[in-house]
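Visitor: got a predicted structure plus its sequence, pasted below:
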Amino acid sequence: MTRAFVHETAIVEEGVSLGDDTRVWHHCHLRHGAVIGPHCTLGKNVFIDVGVRVGSRVKVQNNVSLYAGVTLHDDVFVGPSAVFTNDLLPRAHSKNWSVVPTVVGRGASIGANATVVCGRDIGPYAMVGAGSVVTRPVGAHALVVGNPARQIGWVCHCGQIVARGSDAPAPTTMCAVCGEPWWANDE
């Protein structure tokens, strides 16, 4: 194992936990209390707020902000400029704002420029299409797109579409790409 790489322009506050082999690129800012697992990549201009938890082997692309209350489990992909909110009733002058947690399950992928409204958890191996606005929870293996995001299909743990529509495929359905049952890596 090698220690984390932190680019010279990145700001990593005291009290951040960085896992081995994690790469923190240009102009990132990691706040105290953030925990980043091993083998992660944080692209240019990523902001990670106080207390955010990021699992192992997570890839966060450029210009993403993970605000307080966000948790990303292992193997999550977050595309460029995706947005997570953390307050349902934001006001600049409010002293009584409250963080609403959002959890992204293992292996899920969130496309570029997607917006995830706080409190709308994303299940394991789900896929959120680029530019989508997530206004309700997304189930495991669901493929959602649009504004507001609607389910249009189901994806395998490898990321391939295994069925269209909202009816889940049979548990015995095999993925045409990886050759395994579409739910094979679920825990």
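Guide: Thanks, I have it.
Visitor: any idea how far Asn147 lies from Val128?
Guide: Separation of Asn147 from Val128 (Cβ to Cβ, to the nearest Å): 12 Å. C-beta coordinates here come from the backbone N, C-alpha and C atoms, glycine included.
Visitor: ok, Val117 next?
Guide: Look at Val117 and Val128: by Cβ to Cβ, they are 12 Å apart.
Visitor: tell me how many other residues crowd Leu18.
Guide: Neighbourhood size, Leu18 [other Cβ atoms under 10 Å]: 22.
Visitor: who's sitting farthest from the centroid in this structure?
Guide: His93 (29.1 Å; Cα atoms, centre = their mean).
Visitor: sheet-wise, list the partners of the longest strand out of those in the chain with their directions.
Guide: In the chain, assigned by DSSP state E, the strand with the most residues is strand 150-155. Strand 150-155 sits in its sheet next to strand 142-145 (antiparallel), strand 161-164 (antiparallel), going by DSSP bridges.
Visitor: buried sites along that strand?
Guide: Neighbour counts over strand 150-155 (16 or more other Cβ atoms under 10 Å) mark Gln151, Gly153, Trp154, Val155 as buried.
Visitor: so how far is that strand off the chain centroid?
Guide: Mean-position distance between strand 150-155 and its chain equals 17 Å (Cα atoms, centre = their mean, to the nearest Å).
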